[in-house]
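> model the structure of this input:
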Amino acid sequence: MHEGSAGAEALSLTKAADHLIEECRMVLPGVQALFGFQLVAVFSDRFQTALTQSEKELHLVSIALVVVAIALIMTPAAYHRLTAPGLVTAHFLRLSTRLLMAGMPMLMAALVIDAYLVGRLIDGARAGFAIAAALLVVFVALWFVLPIVSRLLRIDPSSPP
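A predicted model of the protein is given here:
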């Protein structure tokens with residue numbers, strides 16, 4: 001390991017893998033909890049009576065997005081265990097990072113869809129759409145724009161030049 005500029009420190013492959021797996025562990029419980037709430041909602045009377053058939057199908061799409069996000073987020077652990085449990089490679093880190101990042105837009109879309117449905121039930125379609133749009137902007141800004149801008153402006157010393 002060596003010291004980088006502005007206090008950044010390069011990580012060994014093992015430490016980088018530990019950080020990546022920890023990030024997956026942090027995201028996964030929230031995604032699984034969301035999945036549980038999505039499933040429970042289907043069995044409520046209000047779901048059956050207050051949503052249109054199209055909205056019920058939209059909720060099903062949201063459930064499918066969460067399931068795919070769970071699969072993507074859990075894949076690094078399964079992949080590592082089945083390919084090289086005693087070895088950490090740069091390939092594993094790249095693949096795992098891509099899998100985790102592929103799950104985030106799916107999670108974002110599922111949350112936005114469900115926020116729309118809840119907003120629609122509480123205050124009508126216009127409110128549901130406004131809430132969903134606002135949340136979409138927040139997610140995109142925080143999860144994608146902020147890191148890209150930080151990297152481009154080199155605000156984060158860990159961002160490559």
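
> element containing the residue lying closest to Val42 once chain neighbours are set aside, please.
Excluding the flanking residues, the one nearest Val42 by CB to CB, 6 or more residues apart in numbering is His59, at 7.2 Å. For every residue, glycine as well, the C-beta is placed using N, CA and C. Taking DSSP states H and E as the criterion, the element that holds His59 is helix 53-83.

> tell me which residues of that helix come out buried.
Across helix 53-83, burial judged by 16 or more other CB atoms under 10 Å covers 55, 58-59, 62-63, 65-66, 68-70, 72-76, 80.

> assign the spatially most central residue of the chain to helix, strand or coil.
Of all residues in the chain, the one closest to the mean position by CA atoms, centre = their mean is Met104, 2.6 Å from it. Of the three states, Met104 takes helix under DSSP: H, G, I helix; E, B strand; the rest coil.

> relative to Gly30, how far out is it?
12 Å (CB to CB, to the nearest Å).

> Leu146: how many residues sit nearby?
13 (other CB atoms under 10 Å).

> can you pull out the low-pLDDT segments for this structure?
Scanning the chain for pLDDT under 70 picks out 1-8, 156-161.

> apply 80 and report the result again.
Low-confidence segments of the chain (pLDDT under 80): 1-9, 154-161.

> list the buried residues in the host helix or strand of Leu28.
Assigned by DSSP H and E, Leu28 belongs to helix 13-42. For helix 13-42, a neighbour-count test (16+ other CB under 10 Å) marks Ala16, Ala17, Leu20, Cys24, Val27, Leu28, Val31, Leu34, Phe35, Gln38, Ala41 as buried.

> which residues touch the fifth one?
Right, Val27. Ile73, Leu100, Gly103, Leu107 (CB atoms under 8 Å, 6 or more residues apart in numbering).
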